[in-house]
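A.B. asks: give me coordinates for this.
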Amino acid sequence: MSSVHVSMQSQAVEQKTASAAGVYTYVAQWPIYAVAWSHHRAYSKPRLAIGSFLEDYANKVELVQFDPDTSNFSTDGRLVFDHPYAPTNVMFLPSEADAASSTVELLATSGDYLRLWAVHHDRVEMRALLNSNRGSEFSSAITSFDWAAFNPRHIAGCSVDTTCTVWDVEKEVVEAQLVAHDKEVYDVSWGGTGVFASVSGDGSVRVFDLRDKERSTIIYENVTAPNRDQSPLLRLEWNKADPRFMATVGMDSSAVVILDIRFPTAPLAELNRHRGSVNAVSWAPQVGRQLCSVGDDSRALIWDVLSAVGLSSDGNVAVDVEPEMWYGSTLEINNVRWSPVEMDWIALTFSNKLQLLRV
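C.D. replies: Numbers count the residues shown, from 1 in each chain. So this is what the prediction gives:
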């Protein structure tokens, strides 16, 4: 893919979308950070949730639908709702939970609390407000969360208070809370039934098993030369299609670190083709060979990680990997989500734009 500039007309109920080389852009009324794809089988066309990023208490979450046949986005003012503080993450109920028989879709958001929302065809209602602090009515800021596709009762969240919390969203209670790190926890990702990993300001990737809540396994530490200081890790995504692998990103780092949990401490590869800090990563669904990374260099790079990197007989790895494809935007890209349903679609957010790439 080549670099393209897409100009847009002002927002309307239905947006005529300028497109080039499979790029489609929706312009919101506010800056966007959080983004999620719907899994709901009742919708034949892609549907997404986007969250505003305003330095204010009053923020918004909006539902947006895209029609690939007409290349148009459509919105419904009844499906835009207020959100206290900017949502740090948004996720729909995962596809493995069979919601085909229901006209109501569940959406989760994080910020000061974890909130569950019921999305009807003509309105959005808050179903539950979940507090990670069981000893107080106040909740520590939730930096991110992950909804377990294999057990949709479980959401794992992480917080600035060094803890990870697992909620049972059916019962609307905290099932487990773990002191996970020595500093703020910035991201969390499920890797299997009862197993999740987290990253923190202490620079470590730690894996937890709910069958033994007192222990964790450090599988990687982000140590920088020459002082051997540990640099914070900000993003983590476990490869759901191939749980041997996960990807993590450090603060102010232009590299994406690929880990193989069978070989702790040593990265499988480092992807070093960004020219600025990497802000987010997303694995391709179902097969899990590809990874998309986005950053301050205004580029989205798509890597065929598992074909480009091979283990040698002595366990050493090749780390000089070139991306398969790249896309250039006009501004720093904040977030990326690969569609969990359609492998050909990737969503990016930058400035006040939601951009869909057909790859």
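A.B. asks: how about the helices in the stretch 151-300 of the chain?
C.D. replies: Here the stretch 151-300 of the chain has no helices by DSSP state H, counting those that start in this stretch.
A.B. asks: quick check: mean pLDDT of the strand or helix carrying Asp76?
C.D. replies: According to DSSP states H and E, Asp76 maps onto strand 72-84. Per-residue pLDDT values over strand 72-84 give a mean of 96.
A.B. asks: repeat for stretch 273-280
C.D. replies: Computed over stretch 273-280, the average pLDDT equals 97.
A.B. asks: does the closest residue to Trp326 other than its chain neighbours lie in a helix or a strand, and which?
C.D. replies: Using CB to CB, 6 or more residues apart in numbering and skipping residues adjacent in sequence, the residue nearest Trp326 is Leu301, 5.0 Å away. Where C-beta positions appear, they are placed from N, C-alpha and C, glycine not excepted. Taking DSSP H and E as the definition, Leu301 sits inside strand 299-304.
A.B. asks: got it, and Ser307?
C.D. replies: Per DSSP H and E: helix 305-308 holds Ser307.
A.B. asks: residues near Thr217, how many?
C.D. replies: 12 (other CB atoms under 10 Å).
A.B. asks: next: Asn222.
C.D. replies: So Asn222, with other CB under 10 Å, has 24 neighbours.
A.B. asks: mind listing what it touches?
C.D. replies: For Asn222, the contacting residues are 203-204, 230-233, 248, 250, 257, by CB atoms under 8 Å, 6 or more residues apart in numbering.
A.B. asks: tabulate those residues in JSON lines, adding columns for distance to Trp338.
C.D. replies: Converted to JSON lines, the contacts of Asn222 look like this (distance: CB to CB, whole Å):
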{"residue": "Gly203", "distance to Trp338": "26"}
{"residue": "Ser204", "distance to Trp338": "26"}
{"residue": "Gln230", "distance to Trp338": "29"}
{"residue": "Ser231", "distance to Trp338": "26"}
{"residue": "Pro232", "distance to Trp338": "25"}
{"residue": "Leu233", "distance to Trp338": "21"}
{"residue": "Thr248", "distance to Trp338": "17"}
{"residue": "Gly250", "distance to Trp338": "21"}
{"residue": "Val257", "distance to Trp338": "19"}
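A.B. asks: ok, those residues vs Ser44, which is closest?
C.D. replies: Using CB to CB, Thr248 is the member of the contacts of Asn222 that lies nearest Ser44, at 35.5 Å.
A.B. asks: so that closest one bridges to which residues?
C.D. replies: Leu236, Val257 (DSSP bridges).
A.B. asks: what's the neighbour count on it?
C.D. replies: 28.
A.B. asks: would you check that it makes contact with Tyr220?
C.D. replies: Yes - shown here, Thr248 and Tyr220 form a contact pair, counting by CB atoms under 8 Å, at 6.9 Å.
A.B. asks: which neighbours do the two share?
C.D. replies: Counting by CB under 8 Å, 6+ apart, the residues touching both Thr248 and Tyr220 are 205, 257, 259.
A.B. asks: quick check: Ser198 vs Thr217, distance?
C.D. replies: Ser198 sits 11 Å away from Thr217, going by CB to CB, to the nearest Å.
A.B. asks: what do the two both touch?
C.D. replies: Common neighbours of Ser198 and Thr217, counting by CB under 8 Å, 6+ apart, are Arg206.
A.B. asks: circling back: not counting the helix holding Ser307 itself, show me its contacts.
C.D. replies: 242, 245, 258, 269, 271, 288-291, 318, 321-322.
A.B. asks: ok so Tyr24 is a helix residue?
C.D. replies: No - under DSSP: H, G, I helix; E, B strand; the rest coil, Tyr24 falls outside any helix and is assigned strand.
A.B. asks: show me what contacts Trp283?
C.D. replies: 237, 239-241, 247, 290-291, 338.
A.B. asks: how about low-confidence regions in the stretch 1-150 of the chain?
C.D. replies: For the stretch 1-150 of the chain, the stretches with pLDDT under 70 are 1-21, 41-42, 95-102, 134-137.
A.B. asks: mind redoing it with 80?
C.D. replies: For the stretch 1-150 of the chain, the stretches with pLDDT under 80 are 1-21, 41-44, 95-103, 133-139.
A.B. asks: how many neighbours does Ser44 have?
C.D. replies: 7.
A.B. asks: how about it, secondary structure?
C.D. replies: Per three-state DSSP, Ser44 ends up coil.
A.B. asks: next up, phi/psi of it, please.
C.D. replies: Note on Ser44: its backbone torsions stand at phi -80, psi -20 [degrees, to the nearest 10].
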